[in-house]
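Q: any chance you could fold what I've pasted below:
(one chain, ligands or ions: 1)
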Amino acid sequence: MGYSLAVAAGNHPSTSDADRIRAEARAQWGHDPAGSNAVDGALDTSESFAEVERYRYREQPWMHDTFHYERYRDQEVLEIGVGLGTDHLQFGRAGARLTGVDLTPACIDLTRRRFELEGLTSDLRVMDAERLEFPDNSFDAVYSFGVLHHIASTEAAFVEVRRVLRSGGVFIGGLYSRESIFFARVAAEWLLRGGPRKESWESRKARIEYSTSDAQPHVRLLGSRELRRALREAGFAEVSLTRRHSALGSLTYDLPPVVERTLGRVGGWYLVHEAR
Ligand SMILES: C[S@@+](CC[C@H](N)C(=O)[O-])C[C@H]1O[C@@H](n2cnc3c(N)ncnc32)[C@H](O)[C@@H]1O
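A: Numbering: from 1, shown residues only. This next block holds a predicted model:
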């Protein structure tokens, strides 16, 4: 079964498809760590990282009110897919006891550098979300934002998250929503430009990610029923989902915040979950 068919059929790709997805992820985010487009020069000074942070929360102004990073003081928190470490830093500043993993070595190096510059600590390691190298019941909370739709099996990662969470622990994060304004726009544009005759859907989805390389990261779009079911099947008894992020970027900067909030809640690009 070909790559896109295998993924469409149930997201349990063969070993070689899974290896390819991992290789493309490392190529994509090794070259362009998420958020690096905010900065022109090198990413290694406090000022460059501050620019990444300003850009992120200007684009996604709903994140602090949604995830409440300050609630995790003294808790053991694992973040999966730290990227450039911007959200990881919010947990760190709040006083969480942190562990962070990412498949891409460059992302771990950059987050480590960033934590050093801030005088904060986290146990940062290169690791695959589908094979977490931690014992059962290790964490009070697991956070993963914008990551588990880029891996071979989102379902396998959910099972791993449930395993490493303590009883009563919470899994929070966000994944791309198929039922969003942004998706509707991308799909309509792709169809109007010739659809699969001009470009495969896999390739069009890969271009959603900011890239200066020719990497083709895997992008899975989830429906809310599908996400709820996957979390339940992984062993989460309580699942609550909300939508966030209009994805209209600078178009909303000068509008009253209620516009971004309302559009995000109705047809947001992220399905935000809280699962226990
Ligand atoms: C779009 S970026 C998001 C990064 C960060 N969470 C953020 O919101 O800026 C996706 C991240 O997931 C990481 N990633 C991709 N596949 C992974 C996997 N199988 N296990 C762990 N991390 C993975 C990538 O290296 C990349 O840093």
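
Q: report the secondary structure state of the closest residue to the ligand within the stretch 1-150 of the chain.
A: Taking Cβ to the nearest ligand atom as the measure, the point where the stretch 1-150 of the chain comes nearest the ligand is residue 83, at 2.5 Å. Every residue, glycine included, has its C-beta placed from N, CA and C. Per DSSP: H, G, I helix; E, B strand; the rest coil, the secondary structure class of residue 83 is coil.

Q: which residues does it contact?
A: Neighbour list for residue 83: 29, 33-35, 102, 107, 111, 146-147 [criterion: Cβ atoms under 8 Å, 6 or more residues apart in numbering].

Q: setting aside sequence neighbours, what's the nearest residue to it?
A: Using Cβ to Cβ, 6 or more residues apart in numbering and skipping the chain neighbours, the partner closest in space to residue 83 is residue 34 (4.3 Å).

Q: farthest pair within the contacts of residue 83?
A: Greatest spacing in these, by Cβ to Cβ: 111 and 146 (14.7 Å).

Q: who's more crowded, the two?
A: Counted by other Cβ atoms under 10 Å, residue 111 and residue 146 do not tie: residue 111 has more neighbours, with 25 against 18.

Q: I'd guessed the more buried one sits against residue 120; true?
A: No - judged on Cβ atoms under 8 Å, residue 111 makes no contact with residue 120 at a distance of 10.4 Å.

Q: one step back: near the ligand too, which of the contacts of residue 83?
A: Restricting those to those touching the ligand (Cβ under 6 Å from any ligand atom) yields 29, 34-35, 102, 107, 146-147.

Q: so which of those residues sit within helices?
A: 29, 107 (DSSP state H).

Q: who wins for most neighbours among the ones next to the ligand among the contacts of residue 83?
A: residue 102 (30 neighbours).

Q: which residues sit in contact with the spatially most central residue of the chain?
A: Computing the C-alpha centroid of the chain and ranking residues by Cα atoms, centre = their mean puts residue 146 first, at 1.3 Å. Counting by Cβ under 8 Å, 6+ apart, residue 146 makes contact with 34, 81, 83, 174-176, 270.

Q: ditto for residue 275
A: Counting by Cβ under 8 Å, 6+ apart, residue 275 makes contact with 170-172, 231, 236, 238-240.

Q: helices - which of these land there?
A: Here DSSP H is the test, and those give residue 231 as lying in helices.

Q: gap between the nearest residue to residue 230 once chain neighbours are set aside and the ligand?
A: Among residues not flanking residue 230 along the chain, residue 155 sits closest, at 5.2 Å (Cβ to Cβ, 6+ apart). Using Cβ to the nearest ligand atom, to the nearest Å, residue 155 is found at 13 Å from the ligand.

Q: residue 155 contacts residue 232, doesn't it?
A: No - the pair residue 155 and residue 232 fails to qualify as a contact (Cβ under 8 Å) at a distance of 11.1 Å.

Q: lowest-confidence entry in the contacts of residue 83?
A: Within these, pLDDT reaches its minimum at residue 35, with 90.

Q: gap between residue 170 and residue 152?
A: Using Cβ to Cβ, to the nearest Å, residue 170 is found at 25 Å from residue 152.

Q: neighbour count winner among those two?
A: Between residue 170 and residue 152, counting by other Cβ under 10 Å, residue 152 is the more crowded of the two (26 against 21).

Q: sec struct for the closest residue to the more buried one other than its chain neighbours, please.
A: Nearest residue to residue 152 in three dimensions, chain neighbours excluded: residue 18, at 3.7 Å (Cβ to Cβ, 6+ apart). Assigned with three-state DSSP, residue 18 falls in the helix class.

Q: how many neighbours does residue 18 have?
A: Neighbourhood size, residue 18 [other Cβ under 10 Å]: 20.

Q: isn't it up against residue 131?
A: No - the criterion here is Cβ under 8 Å, and residue 18 misses it with residue 131 at 10.9 Å.

Q: residues of stretch 187-202 that come out buried?
A: Going by neighbour count (16 or more other Cβ atoms under 10 Å), the buried part of stretch 187-202 is 187, 190, 201-202.
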